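In: fold the following.
(chains A and B)
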Amino acid sequence: MRCKPGLRCAIPIVQIAAVVTLAAVPSAPVSAFERTETRAPCNDYRELRRPLFGDLHVHTTLSFDAWGQGTRNTPRDAYRFARGETLGVQPYRADGSPLRTLTLKQPLDFAMVSDHSEMTGETQLCRTPGSASYASLSCALVRRWPALGYAVLNSQWTKRVGHAPDICGDDGRLCHDRALGAWKVTQEAAEEFYDRTPECRFTTFVGYEWSSIRLGMNHRNVVFRNAEVTASPNNAIDDQHNEVRLWTALRDDCLNADSNCDVLTIPHNSNLSRGDMFWVEHPDAGTIDRELAELRATMEPLIEITQHKGDSECRLGGRDELCNFETVSFGDVAGHASPMHRMPPAPGVFVREALTEGLALRSRLGVNPYKLGIIGSTDTHLGTPGYVAEKGFVGHAAGSVTARLKVSAMPDHPVWNPGGLAGVWAEENSRDSIFEAMRRRETFGTSGPRIVVRLFGGWAYDKSMCQSSDFATIGYDRGVAMGGDLPDQPELAKLAKLPAPADAAPSFAVFASRDPIDGHVLERVQIIKGWIDANGAPRERVFDVAGEVNPDASVDMATCTPRGEGHDQLCSVWSDPEFDPGLASFYYARVLENPTCRWTWHACLAAGVDCDGTFGPRGHLAACCDEQVPKTIRERAWTSPIWYTPADDH
Amino acid sequence: MPNVSDMSQSTAKWLLWFAGVLVAPLPYLFMYDGAVPVVRYAFLTIVTGSYALLIDGSAVAWPMVAILATHALLYAVLLIAPAALVARIVAPHWRTRIVAAVFIVGFTIAVGLPIYETPADDVSARANWIGLFQ
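Out: Below is the predicted model:
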């Protein structure tokens, strides 16, 4: 269905029903999740699952960098914001009232505060008058000159130096003890805001961010399934920046513990990892072998494909021109500020490259360590989960243009962006249901708008599926949802009680619908296929499978009003025309909106910038007239892949 | 005893240079925005250097010291040229008055107006000279 821009179009009930509501038709193709906690069952339970949106990457004042940038919002504040309440952000007036307030247009379904586990104790000691280290030189430096203190102290963990001795004591004990207090605050806030009633309005997760830097960013968020968590968070300082130590500790202390503890880790910013994120040779753990690959695959089923510090889907400069989306052109987080760090992204750091490398490793080791499902999140350092609006973006804090003391017309470095959201297909809005969706990778990421997308892969889908009211039922009955493996043809045919197709290619059923409240019309849906060819070379191909490029789709740059028609919904059943049953491959869907204004241009319009003036804008607003800074974007969503493995490789 | 209105060119140069070192807002070129005088860069160099010496110099403390010291030294050297130029073109009997005027006007503006930008600071994004050292 086409919809004129600017008009809120009703989404046909029949179509939605096909994908979401009628997903409740009982056909039992989906195994129910296991409940590991004591809580009321949700009134709204859909056996065939529904989409939920959340943000699993949120920093508050408990994080050293957020606090240093003036963030005062606590984990409780962050959850209040996620549920729809208005929240103040820095800068603050002398009386403590904020200069700016923010509110989500749509509350989130779930969120996790993921404060850095590094420097947590230091932060608490330095901010608390009368603490044992309050008067130390390090704390004085951080309080009086936060940016300088951040640069100096932050580097202690990123350069493998360890804790600041004048804050933490020679053995680090002071900081460890204080960090436990912050961990308790995090857990209590998550518990307080988790809706355990049958209403199931909001779900929280307990977690933290483990932030290692060897060469580049090697960060991941740790997500616990329920309230049974480890006694203390791991941190990169004590783990000596070795993620294998993190995984091993989580396996031993949580997964193998005699409890209901369950956990996974979600890496992010592989784009800035300088090769640290995806490796064959680890500087400490050695060459990847089957055991290490299994450990990684168990602990790390997802990746955060997009967030504030750029998009990690694919590399600029290849045949896929749509990789030119929030792609940071440099490969190190300091590159935005320092010319000497402005190196190109290292080889193999993008998600698509890792997915392909995973196929090669699977063929060699029998296990694919990079079998990664997809989510997005914000990485907000303001304590504002899900605040992804391009218009009115207030910056990110924690670096870039400081928001601590002043409101800037250009509130962040132009290379960054507001970040994205995580989507999951879950039976209900509860921890167990969402966590299992993440574990099986039935997830998707968006660059901000709440685009709903669903992908199934199988051998016996036909074109009529898009018109059927049983889209999801057929999807599960005759194939697998995103995040899964295409079963062998005969096995699936038997399961679906269908004749086994001979020499068939796999087909993929994809459905997408626009964000009806804060999004724009859809342009098209693509399937991205990756594989290793017979010569061992990585290959990729992008197929347009639904919708089309509308040459009239554009944006009125004077008002940011979108022009041209698009789609409210898109659906397609597509078969791979180049399928080679002998080659392992993966397929994921990418949904594109029509163009809309990027946050930078919204800021430029708000500031009344005139690029035709004699001198042009100065300072950060100079970015408004910089041809290198895009004025429009195509918001998008990505599904988790579906993998195909040749029968010989099983 | 020399006539106060006949200040030597060298004395005028160094006094003008000193005024520039004390009050001229000069941009910070690395990572954060800002514009502060040389004396402020020197002060932060001492603070960071103290940290590197007394607490820990193994991470980026020393590079930060180097960056701040480079700003201080670079601008201190660069300020010699305009100071020398002014001292040279001003007639000897005007030098005392010009130097005095530079000090008075410079400090009046520096103390009276928030001409500095100090995002590395916790006091205010915009600050006057006194605010820099509070």
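
In: phi and psi next, for A:Leu264.
Out: phi -140, psi 160 (degrees, to the nearest 10).

In: kindly report the same for the one 3 residues further on.
Out: Dihedral pair for A:Pro267: phi -70, psi 160, per degrees, to the nearest 10.

In: also A:Ile633?
Out: Dihedral pair for A:Ile633: phi -140, psi 160, per degrees, to the nearest 10.

In: what separates it from chain B, distance-wise?
Out: Computed with Cβ to the nearest Cβ, to the nearest Å, the distance linking A:Ile633 and chain B is 26 Å. Backbone N, C-alpha and C define where each C-beta goes, glycine included.

In: my read: A:Arg362 touches A:Ile532, true?
Out: No. When contacts are counted by Cβ atoms under 8 Å, A:Arg362 is not listed as touching A:Ile532 (9.6 Å).

In: what sits in contact with each of these two?
Out: Residues touching both A:Arg362 and A:Ile532 comprise A:Ala584, with contact defined as Cβ atoms under 8 Å, 6 or more residues apart in numbering or on different chains.

In: tell me which residue of the stretch 151-300 of chain A lies closest to chain B.
Out: When scored by Cβ to the nearest Cβ, the stretch 151-300 of chain A has A:Ser155 as its residue closest to chain B, at 3.8 Å.

In: secondary structure element for that residue?
Out: Following DSSP states H and E, the helix or strand that holds A:Ser155 is helix A:146-158.

In: quick one: mean pLDDT for that helix?
Out: Along helix A:146-158, the predicted local confidence has a mean pLDDT of 75.

In: residues contacting A:Leu295?
Out: With contacts taken as Cβ under 8 Å, 6+ apart, A:Leu295 has the following neighbours: A:244, A:247-248, A:251.

In: between the residues you listed, which has the most around it?
Out: Neighbour counts for the contacts of A:Leu295 peak at A:Trp247, which has 24 neighbours (criterion: other Cβ atoms under 10 Å in any protein chain shown).

In: so that residue lies in a strand, does it not?
Out: No. Membership of A:Trp247 in a strand is not supported by DSSP: H, G, I helix; E, B strand; the rest coil, which gives helix.

In: so it touches A:Arg296, yeah?
Out: Yes. Using Cβ under 8 Å, A:Trp247 is in contact with A:Arg296, at 6.7 Å.

In: residue boundaries of the strands in chain B?
Out: B:26-27, B:35-36, B:116-117, B:126-127 (DSSP state E).

In: turn those into JSON lines, columns for distance to A:Ile374.
Out: Formatted as JSON lines, the strands of chain B follow (distance: least, Cβ to Cβ, whole Å):
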{"stretch": "strand B:26-27", "distance to A:Ile374": "42"}
{"stretch": "strand B:35-36", "distance to A:Ile374": "44"}
{"stretch": "strand B:116-117", "distance to A:Ile374": "41"}
{"stretch": "strand B:126-127", "distance to A:Ile374": "44"}
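
In: tell me the contacts of the residue nearest to A:Val223 when sequence neighbours are not counted?
Out: Residue nearest to A:Val223 in three dimensions, not counting chain neighbours: A:Gly207, with 4.6 Å by Cβ to Cβ, 6 or more residues apart in numbering or on different chains. Counting by Cβ under 8 Å, 6+ apart, A:Gly207 makes contact with A:56, A:112-114, A:221-224.

In: just those: which are in strands?
Out: Those of the contacts of A:Gly207 lying in strands (DSSP E): A:56, A:112-113, A:221-224.

In: where does pLDDT dip in the chain?
Out: Reading this off chain A. Low-confidence segments of chain A (pLDDT under 70): A:1-31, A:156-162, A:337-341, A:398-404, A:490-503, A:614, A:650.

In: that's the wrong chain, I meant chain B
Out: B:1-5, B:31-33, B:58-59, B:119-125, B:134.

In: repeat the analysis, applying 80 as the threshold.
Out: Judged against pLDDT under 80, the low-scoring parts of chain B cover residues B:1-6, B:30-34, B:55-61, B:118-126, B:133-134.

In: if we can go back for a sec, now distance to A:Gly458 too, for the ones in strands among the contacts of A:Gly207, in TSV please.
Out: Converted to TSV, those look like this (distance: Cβ to Cβ, whole Å):
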residue	distance to A:Gly458
A:Leu56	29
A:Met112	33
A:Val113	38
A:Asn221	32
A:Val222	34
A:Val223	29
A:Phe224	33
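
In: only alpha carbons, please: show stretch A:245-253 as CSV.
Out: Output for stretch A:245-253, consisting of C-alpha atoms alone and laid out as CSV, is shown next (Å, rounded to 0.1, in the frame of the first residue of the first chain):
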residue,chain,number,x,y,z
ARG,A,245,38.3,-14.1,30.7
LEU,A,246,34.9,-12.3,30.7
TRP,A,247,33.2,-15.2,28.9
THR,A,248,34.9,-17.8,31.1
ALA,A,249,34.0,-16.0,34.3
LEU,A,250,30.3,-15.6,33.2
ARG,A,251,30.2,-19.3,32.1
ASP,A,252,31.6,-20.5,35.4
ASP,A,253,29.9,-18.0,37.8
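
In: tell me the bridge partners for the residue nearest the centre of chain A.
Out: Among the residues of chain A, the smallest C-alpha distance to the mean C-alpha position (Cα atoms, centre = their mean) belongs to A:Gly376, namely 2.1 Å. Using DSSP bridges, the beta-bridge partners of A:Gly376 come out as A:Thr306.

In: how close does A:Val367 sit to A:Thr265?
Out: According to Cβ to Cβ, to the nearest Å, A:Val367 stands 17 Å off from A:Thr265.

In: how many neighbouring residues does the nearest residue to A:His396 once chain neighbours are set aside have?
Out: Using Cβ to Cβ, 6+ apart and skipping residues adjacent in sequence, the residue nearest A:His396 is A:His308, 4.9 Å away. Neighbourhood size, A:His308 [other Cβ under 10 Å]: 27.

In: again with A:Phe444
Out: By the measure other Cβ under 10 Å, the count of residues near A:Phe444 is 32.

In: over to the one 5 residues further on?
Out: Applying other Cβ under 10 Å, we find 26 other residues in the vicinity of A:Pro449.

In: list phi and psi for it.
Out: The main-chain torsion angles of A:Pro449 are listed as degrees, to the nearest 10 and equal phi -60, psi 150.

In: please name the nearest non-neighbouring residue to it.
Out: In space, A:Pro449 comes closest to A:Gly519 once its chain neighbours are excluded; the distance is 3.4 Å by Cβ to Cβ, 6+ apart.

In: I figured that neighbour hits A:Val591, correct?
Out: No. Counting by Cβ under 8 Å, A:Gly519 sits too far from A:Val591 to count as a contact (10.6 Å).

In: how close does the nearest residue in space to A:Asp488 that is not next to it in sequence sit to chain B?
Out: In space, not counting the residues next to it along the chain, A:Asp488 is nearest to A:Ala647; the distance is 5.6 Å by Cβ to Cβ, 6+ apart. Here A:Ala647 is placed at a distance of 53 Å from chain B (Cβ to the nearest Cβ).

In: how close does A:Ala647 get to A:Ser363?
Out: The gap separating A:Ala647 from A:Ser363 is 13 Å, by Cβ to Cβ.

In: between these two, which one's more packed in?
Out: Shown here are A:Ala647 and A:Ser363; by other Cβ under 10 Å, A:Ser363 has more neighbours (16 against 11).

In: that one against A:Ile532, yeah?
Out: Yes. Counting by Cβ under 8 Å, A:Ser363 sits close enough to A:Ile532 to count as a contact (7.2 Å).

In: show me what contacts A:Thr384?
Out: Contact partners of A:Thr384, counting by Cβ under 8 Å, 6+ apart, are A:58, A:73, A:78, A:81, A:87, A:89, A:102, A:378.
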